[in-house]
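A.B. asks: Sequence and predicted structure are below.
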Amino acid sequence: MVLHVLGWMQRASQAGYTHVLLNDSKFSRLATMDAHYFRNLNTVKQAASNLNLEIVPALFPVGYANDLLFNNPNLIEGLPVTNTLLVVSNGLASIQPDPPVSFPGGNFSNLNLWSWKDPNVVEDNGAARLTDPNGVNARIVQQLTVKPFRQYHISVQVKTTNFLTAPRVLILGNGLALNYNNLGVQPTQDWTTHHVVFNSLSNSTVSVYFGVWGGTTGSLWWDNATIEEVAFLNLMRRPGAPLRLETESGAPLVEGTDFAPLSDPLMGSVPYAGVYDIYHTPPQLHLLSAELTNGIRLRASWYHAVTVYDDQATICLSEPATLTLLLEQAQRMQAAWSTRGYFMSHDEIRVMNWCAACQDRHLDAGPLLADNVRTCASILRQVNPGGRIYVWSDMFDPNHNAHANYYLVRGDLTGSWLGLDNDLIIVPWDYDTRAASLQFFAGLGNRQVIAGYYDADPMLVTNWLNAARPYTGISGVIYTTWQSSYANLETFAQILANYPAPSLWRAPRLLASFTTGQTQLILEGERGHRYFIQQAYDLNQWTTWTNVTANDATLTFSTSPLTNRSQFFRAACAQ
């Protein structure tokens, strides 16, 4: 893999690229890496230096946190379960459905037992079949009564023949989705059991959909759908996700005295730490107190891990151990890379603000995220003073993901952008909202680097550039491939080189730094352009202090020692 990276870097340098955004799952667990890994890392560092490329490593993957969670799977953000009914029997406390729940037509032999279905879902030998939807929805639905904040498990058998659209089991509560995991059904497969787990959250009724939306061709069969309330599946154990067990009269039970220590050893650990499955046999609750005799009813409250799509996990933003882990990652990354800038991976954070650690702060989702991004930026400034900090746009953009009802986020993400200070460089990436997003972050005063390539026609980047023309602070464009396809690397660079960029994009940013009586001027611009800095003592008589052709995007100049006389500096691009 290192040879591939070196080859891409060689091509990028020759094509005129100046930076390399570099991500690796192992950045989240550098403490476990051996000498061979760091030799490869240093090889990449040296190659970047030789090619005049600046490496920008990515870190803080709080929304795609599986690699961070390798260090502590219990730091995943999870959902609360409250007052599940358990009944004592022979030293075990087993779940008692409260209320009982089932699919009346779960064996699909009589489709009239379901709440409703689309006409193209038909009975076929005791199963429900849909064939060649051809763009039409094909769903069968059951409405169920549930208890709020309980954990439910659905299993269903699926068979397919050349079925080209991914089917879904979707649970809606009050019109909002309660689950987002992919089923993993293959286009052609024999009867296979698939699992779905959801939390009812605040809902007393839910609608369970089996089907496809806008399917294409092929045939799919559903059969033997079951639903059950479950307890302690993917149970989390950490201070901000407490387990509470009490008798039905409210008397608390003590772990280690009244019941054996409880954990789910398969939570976030199979096949290795940081990987979470959807369903496995939950752990059993073993009782120790002789007073807990058969028939006694207990109530349990706890938190369970939840993921999105294909095992995407979010780390808790509030647990103190999370902040310790983020600080440790930044320190290890700086020790390994010692680079000028880092990229904060705050994107698509889809589960948030549910555990006790979060809810005890009494913050809405927006302020909670604002606090986290502010803290992460502070960590980077602590370990890399004066360094540049980049961050994805979506979670801080009201035109994109910073709003209410975003996946399994509790609350409203409005205001998350208040955690962004003007020194953070925003990387907008949503093509459809490009004009509004560019305008929004320009209005906040942030510089922007456009993620303008997503494995589509390279010429689409000109639409980004046209939308960005009115704004200063447009600092660059990224070839952002998510398919590891670098075929258009040179073509993309040539399109950018030929684009008639407005002069205001070349306006430099001039900063001052004061350290022990010494003033430094920091000019941030673009490599290859000529800049001049002017000096004045009265804001009227300006003289040229220096002029230089930038060999780097950041230039640092030392000024004369501080005196009692005011000095003013300004910078501009000469070409």
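C.D. replies: Now that the structure is in, tell me what you want to look at.
A.B. asks: For the stretch 151-300 of the chain, which segments count as helices?
C.D. replies: Applying DSSP state H, counting those that start in this stretch to the stretch 151-300 of the chain gives no helices.
A.B. asks: I'd like to know which elements the lowest-mean-pLDDT helix or strand in the chain is packed against.
C.D. replies: Least confident helix or strand, the chain: strand 509-515 with a mean of 79, by mean pLDDT, DSSP states H and E. If you count contacts as 3 or more CB pairs under 8 Å, 6 or more residues apart in numbering; DSSP states H and E, strand 509-515 packs onto strand 518-524, strand 568-573. In short, each C-beta sits where N, CA and C put it, glycine included.
A.B. asks: buried set for the longest one?
C.D. replies: By neighbour count on 16 or more other CB atoms under 10 Å, the buried set for strand 518-524 is 519, 521, 523-524.
A.B. asks: could you give the angle of the next helix or strand after it to strand 509-515?
C.D. replies: Using DSSP states H and E, the helix or strand that follows strand 518-524 towards the C-terminus is strand 530-536. Angle between the axes of strand 530-536 and strand 509-515 is 60 degrees (criterion: axes from the mean of the first three to the mean of the last three CA atoms, to 10 degrees).
A.B. asks: Need the contact partners of strand 530-536.
C.D. replies: Strand 530-536 is contacted from outside by 508, 510, 521, 523, 525, 542-550, 555, 557, 567-575, using CB atoms under 8 Å, 6 or more residues apart in numbering.
A.B. asks: hang on, the earlier thing: ok, which pair from the buried residues of strand 518-524 is furthest apart?
C.D. replies: T519 and E524 (16.6 Å; CB to CB).
A.B. asks: Which segments of this protein make up each domain?
C.D. replies: 2-72+313-427, 78-312, 509-573 (automatic domain parsing).
A.B. asks: Can you convert those into TSV and add a column each for distance to S437?
C.D. replies: Shown next, in TSV, are the domains of the chain (distance: least, CB to CB, whole Å):
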stretch	distance to S437
domain 2-72+313-427	5
domain 78-312	23
domain 509-573	21
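A.B. asks: Ok, which of those domains comes nearest V477?
C.D. replies: Of these, the one closest to V477 (CB to CB) turns out to be domain 2-72+313-427, at 9.7 Å.
A.B. asks: picking that back up, quick one: buried ones out of the contacts of strand 530-536?
C.D. replies: Here, 16+ other CB under 10 Å leaves 508, 510, 521, 523, 525, 545, 550, 555, 569, 571-573 buried among the contacts of strand 530-536.
A.B. asks: ok, so of those residues, who is nearest M33?
C.D. replies: After measuring the buried ones among the contacts of strand 530-536 against M33 - CB to CB - the closest member comes out as L555, at 34.2 Å.
A.B. asks: Bridged to the closest one, which residues?
C.D. replies: Taking DSSP bridges, one obtains L523 as the residues bridged to L555.
A.B. asks: from now on call the first residue 354
C.D. replies: Let's use 354 as the start, then, which means that last one is L908.
A.B. asks: How much space separates it from L857?
C.D. replies: Distance of L908 to L857, computed by CB to CB, to the nearest Å: 20 Å.
A.B. asks: Same question for Q495.
C.D. replies: From Q495 to L857 the distance is 58 Å (CB to CB).
A.B. asks: repeat for Y884
C.D. replies: For Y884, the distance to L857 equals 14 Å [CB to CB].
A.B. asks: between these two, which one's more packed in?
C.D. replies: Y884 (23 against 13; other CB atoms under 10 Å).
A.B. asks: ok, back up a step: show me which of the buried residues of strand 871-877 is closest to N775.
C.D. replies: E877 (12.4 Å).
A.B. asks: can you pull the contacts of the closest one?
C.D. replies: 828, 861-864, 906-907.
A.B. asks: how about CSV for the residues you listed, with distance to L404 added?
C.D. replies: Converted to CSV, the contacts of E877 look like this (distance: CB to CB, whole Å):
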residue, distance to L404
S828, 20
P861, 24
R862, 25
L863, 28
L864, 27
A906, 15
T907, 18
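A.B. asks: Nearest to V814, out of those: which one, please.
C.D. replies: For the contacts of E877, the minimum distance to V814 (CB to CB) is 14.9 Å, reached by S828.
A.B. asks: Remind me which helix or strand that closest one belongs to.
C.D. replies: strand 827-832.
A.B. asks: who does that strand pair up with?
C.D. replies: Sheet pairing for strand 827-832, using DSSP bridges, gives strand 801-806 (parallel).
A.B. asks: can you count the residues close to V607?
C.D. replies: 10.
A.B. asks: what residues are up against it?
C.D. replies: Neighbours of V607 in contact, by CB under 8 Å, 6+ apart: none.
A.B. asks: Wait, G805 touches G829, no?
C.D. replies: No: between G805 and G829 there is no contact under CB atoms under 8 Å: 9.5 Å.
A.B. asks: who's more crowded, those two?
C.D. replies: G805 (25 against 19).
A.B. asks: coming back round to it: among the buried residues of strand 871-877, which one has the lowest pLDDT?
C.D. replies: Comparing pLDDT over the buried residues of strand 871-877, the lowest score belongs to T872 (81).
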